[in-house]
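>>> generate coordinates for the sequence data below:
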Amino acid sequence: MLKNAVSKEQLNQIKKLYEASFPKSEKKPFGMITALQKRGLCEILVIEDDDGNFCGLAIMILAAGRALLDYFAVDPRCQGSGMGSAVLQELRERYGSDKIVVEIERTTGPEAEAAGNAQDRIRRKAFYLRNGMEPVGFLVDLFGVEMEVLTFGRELTFAEYYAIYDKVLPKLMMSKIRLV
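Numbers count the residues shown, from 1 in each chain. The predicted structure follows:
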């Protein structure tokens, strides 16, 4: 189901879904992601069904002994089939439950409630909670977007979280990541 994306066709499918699935304020330039992959700091994974059809993407940042699920999207044609839950289980097996970190847009507070995608945020959080993830107890401001951080029950400090990005982002960008 999960494979390293290696073909040009796979990367094109991933890029198209990536561009369609995430708000501009949360996207890194796709060229930056592929550059991190070339440096061994990122894995771009394609999600396929049993017949080899494209069903989604998982982009993992690998740094500081962690695996940050930076981007995760299931193609709308494959949603509702249990594929997302199966992929999370496969990621747990691939990287280890104690290493996976996820960020989601903040689900509480006036700004979150007023957001145009408030129900999507709540649904997304419920998905991760249903699949065994838990909030770590702090919020981050990630390039101007307040995010909740989740793990599979492993304690995580802000310093440990920050260290992930410190390994992959230019120093000038690190001031854009702060504890809320």
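
>>> could you use CA atoms for every contact and neighbour count after this?
OK.

>>> looking at this structure, which helix or strand is least sure?
The helix or strand of the chain with the poorest confidence is helix 110-114; it has a mean of 85 (mean pLDDT, DSSP states H and E).

>>> is the residue of the chain positioned farthest from its centre in a helix, a strand, or coil?
In the chain, counting by Cα atoms, centre = their mean, residue 51 sits farthest out from the average C-alpha position, at 25.0 Å. The assignment at residue 51 comes out as coil when based on DSSP: H, G, I helix; E, B strand; the rest coil.

>>> so how far is the helix or strand hosting residue 148 from its chain's centroid?
Using DSSP states H and E, the secondary-structure element containing residue 148 is strand 145-151. With Cα atoms, centre = their mean, to the nearest Å as the basis, strand 145-151 stands 10 Å off its chain's centre.

>>> buried ones in it, by neighbour count?
The neighbour-count criterion (16 or more other Cα atoms under 10 Å) identifies 146-151 as the buried residues of strand 145-151.

>>> pipe those residues into a markdown table and attach pLDDT and distance to residue 30 per row.
Shown next, in a markdown table, are the buried residues of strand 145-151 (pLDDT from 0 to 100; distance: Cα to Cα, whole Å):
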| residue | pLDDT | distance to residue 30 |
| --- | --- | --- |
| 146 | 95 | 22 |
| 147 | 97 | 21 |
| 148 | 98 | 23 |
| 149 | 98 | 23 |
| 150 | 98 | 24 |
| 151 | 97 | 25 |
